[in-house]
Each structure stands twice: as structure tokens, then as C-alpha cells.
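Chemist: any chance you could fold what I've pasted below:
(chains A and B)
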Amino acid sequence: MQKIKNQRSKIKIVVFLIFKFLILNSALAGELSAQLTTKVNHDHIKIDFFYHGSEVNVSGASAPGTDIVIKITSPEAQQILRRKGKAAGLLWMNVGELEFDRASNLYFLHSTQKINDILSQDEMDRYVIGYPALKKHIEVAQVNDEDEKNRWFNEFVKFKELSRLYAISFGQIILNQTESGQNYSIKLNWPYQATPDEYLVTVYAVKDKKVVEKAEARMVVEQVGIVKTLANMAKNNGAIYGIISIVAALAAGFGVGMIFRKGGGGH
Amino acid sequence: MYFYLPVALTSINSFMTVGIGLIVGILTGIFGVGGGWLITPLLMMLGITPTVAVATGANQMVASATSGAYAHYKLGNVDFKMGWCLLIGSFFGGFIGAGALKILTAMGNADFLIKITYVILLGIVGAFMLMDTLSKMRRRHTGHYERGDSKPAGFLKNLPLQTYFEKSGVAHSLFVPIFLGGIVGILAGIMGVGGGFLMIPVMVYMLRMPIHVVIGTSLFIILFTSIEVTFLQAYTNHSVDFILAVLLLLGSTIGTQIGVFFGKRLKGEHLKLFLAFILLAVALQMTLQLIMRPSVLLAIAGSH
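Modeler: Numbers count the residues shown, from 1 in each chain, chains lettered A, B, ... in the order given. Here you go, the predicted structure:
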């Protein structure tokens, strides 16, 4: 009888400990979720006539002891690119097209430490963090096997990095310890190559190789003024835009011709 | 100073762009060739996509050709009659060429055939021009003249509508320049190039026009073809960047005047020699492009 009582009390203790562990854990999670914040100082970038890129500052607060991963992406879309290859085994030229599905035009990833050291591959895949995860996420039509996909994905990243639209770095995020936790901030050069769009800034707080919390902010890049007027006209009134371009060129050509004639350049 | 380009969607150094326009304009003024072969790769180096580079290059060419044709007209170097005949021919030839391109594309591997043909054609024409000019210079140097080597064959003389082209000082049936313009139009339509490179040798060697008149008339023809390309690109591809075109034409219209100024001081044979070198240089540049492995194997769709 005594033995059974002892067993019951043991079970009670185990159940109590499990409950306590769960409560504590959720309390910790609650504490973290209350702590991760994010703010983009320049969330509305206006592209005017003299625009040459911008500077963006992403900052916020997070729980103490967490690492920070900041991801900035444009909406996913299908991107069609020309593929160069050897025609007739001899000459390099365009040999077809490749469709990259679910690919962002812009993908920036910055982390406090090397991404492989602070996150497990499963977590990176789940949140599409890092190039290997991005490779799994993006679908490439017209490829036959994994090797070919690897090759073309690497070319895709190279192409995007050259255009300054894809970048990965670590160690650039500044962390400051505070009484309640820590503040993070990073100053980014926003490339002028980034087209007008709505960009998503996602900040992950990372601990024990897992994402423990996520916060989001949005930033809009749009054309304004004369740049917007001309872009809209080129897109929506191609014929009138074409005629204006031609007339302006004719006028400039004649104008300069007349000036030089008067100036004695011709006969 | 940087300017943002609304269609190219990129920012560009204005001084560099005006400089590119100036260089292209000088060459246009001296040699009467469209600057597409130079302007497209230079703009691509500045981060402009090929489609926008081609379309905007054509737009600036309108200004540059106007400036150059006007200057040459004042010098008495534009044969309008010949120009119109060649234009009529190349207009209809362009349609046939575009149709032929569709058939070639449907047959597959068109890109390969076209590029190879273009490079070989440029190489042959350039080499022929170089050797011919050099041998004529040598003959002149040694005092040997061969006369009547470029008289039209008998049957060409018997064609109807024989006309004297005063500016060029040659007589041809109207059908000859129309037909030759048509051939150039067909080739230009298939290859997607302006055709200036082919038109100049045709005018020099087949129509036997003096080189200075060839250059002025070539600019007159390029003016119309570049207007056509600009409109079609703006209408169908929306790829003409107005700001970029203005920056380029600021340089090119002035450059063209400078080019005309120097061009008229060059002897005809020297002009032919330089032209031959340009043709060979473009052929070489295209060959290298085809042989060397590109640093990136992907490009924006719509590029060449």
C-alpha cells in the first residue's frame, strides 16, 4: 500500500514539474515576444530626379542573449531570365530562357553572427534564411536534375549580387545591452537598383539555433515627380511618349546644327 | 552629378553619359555610321539593360543624325534623291527581313546563324574595304591609275528610269538603289541592326558615290531608320528612356558637329581606311564576345 502511495506522489511530482516547465517556457516565450520590436527609419523612399540610392536604418529591441537576423525581401514573383550557353559547342550566346518561381527581386540578409552558427538548417529552411534555404524555396523550371538547379541558382545569385540586389553579411548589426534586454541596429546602403516596390523587413530573434520570435516592418519605395510622370507615360502612352522623344531629339539636332552653323562650324 | 532614369530604373553619372554621347557623336559625324554598335555595350557597362540601351541609343541617334545630316547638307554632302531611293528599298526590305526572321526563328537556332552571318559579313566587307583602299593608295603612290574599273555592267545601263544623281555625280536606273536598299533592308531586318554598316559599302562600291556624299546621305537614311526604331521601341517595348536620351544627345549632337568638322578635313581614302578599321573592330569585338565565356550566364530577358 505504502509503495503505491509513494509511486502516486512520484507521479504527482513529475506531472508538477512538467507543468512548471511548460508554464515557465511559455512565460519565457511571452517575455521574448514582448521584447522584439523593429523599426525602419526610412520606410518611404521617394525616387526623384536626383535619387542615387538611400540609407536605411533598421533598429529595435530584443531579449537579452538572443542573436538577430534581419531579412529584407521584395514580393515573390516569377522571374524570367535569358540563359547563355555554348551554341553548336563553340560560341557563347543566348540559348533559351529560365523561369525562377517564388523568387524575390531583392534579398538582403544580415545577422549578428555567421548564420550557420546560430540557426539549424531546418529553421533556416522554414523561414527561408540564407542561400541554401532560398535555393530549396525557389523553383527553377526547365532544369532536369539537382546539379543543374544548383548551377543555375548559383548563376542567379551571382547575377543578382552584381546588380546589388542580393546580399548576405554577418557582424554588421550593432548590439547594445540595456537593463531590460538589448538594442540592435544596422545601417544599410539602399541600392538605387532596387525598383519601386513594397519591401518586407523581417527581424528574427534567435536562440539555441531556433527562431524564438519574429517582427515585421514594411518599407515602400516609389517614384515621385517628373520620374513618375515619365515612367507612367512610357508605360501607358507609348505612342505619345515615342513621338515626344523623337520630336525632342529632332529639335535638339536641328538646334545644335543651327548654333554651330551660326558659330561658323559649318559652311 | 547623378540622375535617376525613369525607364531604365537606375541612377547614372551624367558626365559619363554626356561623354559617351560626345564620343559616339564624333564618330557619327566623321564616318556617318549609327553609334548603336558602340553605345549599346557602353551603356550596358553603366548598368543599363540591353533593351533600354538599344531603344534609347536609337532615340539619341535621331538627334545625332539630324545634327550631322544638317551639317552635311550645308556642306552639300547629302544626295536626297539617292537617299529616298535607298530608304524606299530598305523600308520594304525591312518587312521581308522581319518575315524571314520569323521563319528562321521557327526553324530554330536562328540566333546562331544570324550572329555568325553578321560577323562574317562585317569581316568580309571590312577586309575588302581595307585592301581595296590600301591598293588604291599604293597605285596612286606609284602613279598607276586604272580607269573605268567601276562602270556599271551593260544590263544595268539598259534598265528603265535611268537617272542622274547630281550630288553623287553618278547615273543609275532608279531601280538599282531601290533594289540595293531592299537587300540591305532585308539583312538589317533579319539581323536586327540599323544597316548603316552595310549601306555605306553599298553606296561606295556598288553605287560608286564619293565618300563624303556617302557619309552625308548615310546620316540622312539613319535619321529615318532611327525614328522608326525609336517609335516602335517606345510603342511596343516601352524601353526608351527619355532622360538617358537627353543626356546622350547633349553630347552626341555637339560631337557630331565636331566630327563633321574633322571629317571634311580628311581625305576620302583615309575615311575609307578608318571605316574599314571600324568594321573590322566591330567584327572582332563581336567575335570575342561570342568566344569568351561571359562572367554571368544569365541576362535579363529581351536582351541580345
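Chemist: phi and psi next, for the residue lying closest to A:N41 once chain neighbours are set aside.
Modeler: Excluding the flanking residues, the one nearest A:N41 by Cβ to Cβ, 6 or more residues apart in numbering or on different chains is A:N57, at 4.1 Å. Every C-beta, even on glycine, is put in place using the N, C-alpha and C of the backbone. Backbone torsions of A:N57, given as degrees, to the nearest 10, read phi -120, psi 120.
Chemist: mind listing what A:N57 touches?
Modeler: A:V40, A:N41, A:H42, A:S185, A:I186, A:K187, A:L188 (Cβ atoms under 8 Å, 6 or more residues apart in numbering or on different chains).
Chemist: any idea how far chain B is from it?
Modeler: 21 Å (Cβ to the nearest Cβ, to the nearest Å).
Chemist: which residues does that residue bridge with?
Modeler: Judged by DSSP bridges, the bridge partners of A:N57 are A:K187.
Chemist: what's the burial count for A:E55?
Modeler: 11 (other Cβ atoms under 10 Å in any protein chain shown).
Chemist: off-centre distance for stretch B:32-52?
Modeler: 14 Å (Cα atoms, centre = their mean, to the nearest Å).
Chemist: do the same with stretch A:247-258
Modeler: 44 Å.
Chemist: where does the stretch 101-250 of chain B dip in pLDDT?
Modeler: Filtered on pLDDT under 70, the stretch 101-250 of chain B yields the residue ranges B:108-109, B:143-156, B:192-194.
Chemist: and residue 179, which helix or strand is it part of?
Modeler: Looking at chain A here, since you left the chain open. Using DSSP states H and E, A:E179 falls within no helix or strand.
Chemist: nope, chain B please
Modeler: Assigned by DSSP H and E, B:F179 belongs to helix B:175-191.
Chemist: near chain A at all, that helix?
Modeler: No. Contact of helix B:175-191 with chain A is not found when judged by Cβ under 8 Å from any Cβ of the partner chain; the minimum separation is 13.5 Å.
Chemist: residue 213: which element?
Modeler: No chain was given, so I picked chain A. A:E213 is part of strand A:210-223 when elements are defined by DSSP H and E.
Chemist: oops, I was thinking of chain B
Modeler: helix B:211-232.
Chemist: how about that helix, which residues are buried there?
Modeler: Across helix B:211-232, burial judged by 16 or more other Cβ atoms under 10 Å in any protein chain shown covers B:211-231.
Chemist: from the contact counts, what lies against that helix?
Modeler: helix A:238-262, helix B:14-31, helix B:50-74, helix B:80-107, helix B:196-201, helix B:268-291 (3 or more Cβ pairs under 8 Å, 6 or more residues apart in numbering or on different chains; DSSP states H and E).
Chemist: quick one, what contacts the residue positioned nearest the centre of chain B?
Modeler: Central residue of chain B (Cα atoms, centre = their mean): B:G196, 2.5 Å from the mean position. Contacts for B:G196 (Cβ under 8 Å, 6+ apart) come out as B:G32, B:V33, B:G34, B:S218, B:I221, B:I222, B:T225.
Chemist: can you lay out those as a markdown table showing distance to B:H72?
Modeler: Supplementary listing: the contacts of B:G196 in a markdown table, determined by distance: Cβ to Cβ, whole Å:
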| residue | distance to B:H72 |
| --- | --- |
| B:G32 | 8 |
| B:V33 | 13 |
| B:G34 | 15 |
| B:S218 | 9 |
| B:I221 | 12 |
| B:I222 | 11 |
| B:T225 | 16 |
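Chemist: pick the one among the residues you listed closest to chain A.
Modeler: Closest approach to chain A among the contacts of B:G196 (Cβ to the nearest Cβ): B:I222, at 11.5 Å.
Chemist: can you give me the neighbour number for the closest residue to B:F274 other than its chain neighbours?
Modeler: Spatial nearest neighbour of B:F274, chain neighbours left out: B:F31 (6.7 Å); criterion: Cβ to Cβ, 6+ apart. For B:F31, the neighbour count with other Cβ under 10 Å is 26.
Chemist: what residues does the residue nearest to A:A88 when sequence neighbours are not counted make contact with?
Modeler: Distance criterion Cβ to Cβ, 6+ apart; nearest residue to A:A88, sequence neighbours excluded, is B:F112 at 6.1 Å. Neighbour list for B:F112: A:A87, A:A88, A:L91, A:M93 [criterion: Cβ under 8 Å, 6+ apart].
Chemist: got it, and A:Y241?
Modeler: So A:Y241 contacts A:L230, A:M233, A:A234, B:A234, B:H238, B:V240, B:F242 (Cβ under 8 Å, 6+ apart).
Chemist: most neighbours of all these, which one?
Modeler: Greatest neighbour count in the contacts of A:Y241, by other Cβ under 10 Å, goes to B:V240: 32 neighbours.
Chemist: hang on, it packs against B:Q233?
Modeler: Yes. At 5.5 Å, B:V240 counts as touching B:Q233 under the criterion of Cβ atoms under 8 Å.
Chemist: give me the common contacts of the two.
Modeler: Joint contacts of B:V240 and B:Q233 (Cβ under 8 Å, 6+ apart) are A:G242, B:A55, B:A58, B:N59.
Chemist: and the stretch 51-200 of chain B, which residues reach chain A?
Modeler: Within the stretch 51-200 of chain B, the positions lying close to chain A (Cβ under 8 Å from any Cβ) are B:59-60, B:62-67, B:70-71, B:74-75, B:109, B:111-112, B:115-116.
Chemist: whichever of these end up buried, select them in PyMOL.
Modeler: A single PyMOL command selects the buried members of those (16+ other Cβ under 10 Å):
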select buried, chain B and resi 59+60+62+63+64+65+66+67+70+71+74+75+111+112+115+116
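Chemist: how many neighbours does residue 36 have?
Modeler: I went with chain A, as the question did not name one. Number of residues near A:L36 (other Cβ under 10 Å) recorded here: 21.
Chemist: wait, chain B was what I had in mind.
Modeler: 22.
Chemist: wait, it touches B:N59, no?
Modeler: No. Proximity of B:G36 to B:N59 does not meet the contact threshold set by Cβ under 8 Å, at 11.3 Å.
Chemist: what sits against the closest residue to B:M203 other than its chain neighbours?
Modeler: Closest residue to B:M203 apart from its sequence neighbours, by Cβ to Cβ, 6+ apart: B:V214 at 4.4 Å. B:V214 makes contact with B:G32, B:I200, B:M203, B:V204 under the criterion Cβ under 8 Å, 6+ apart.
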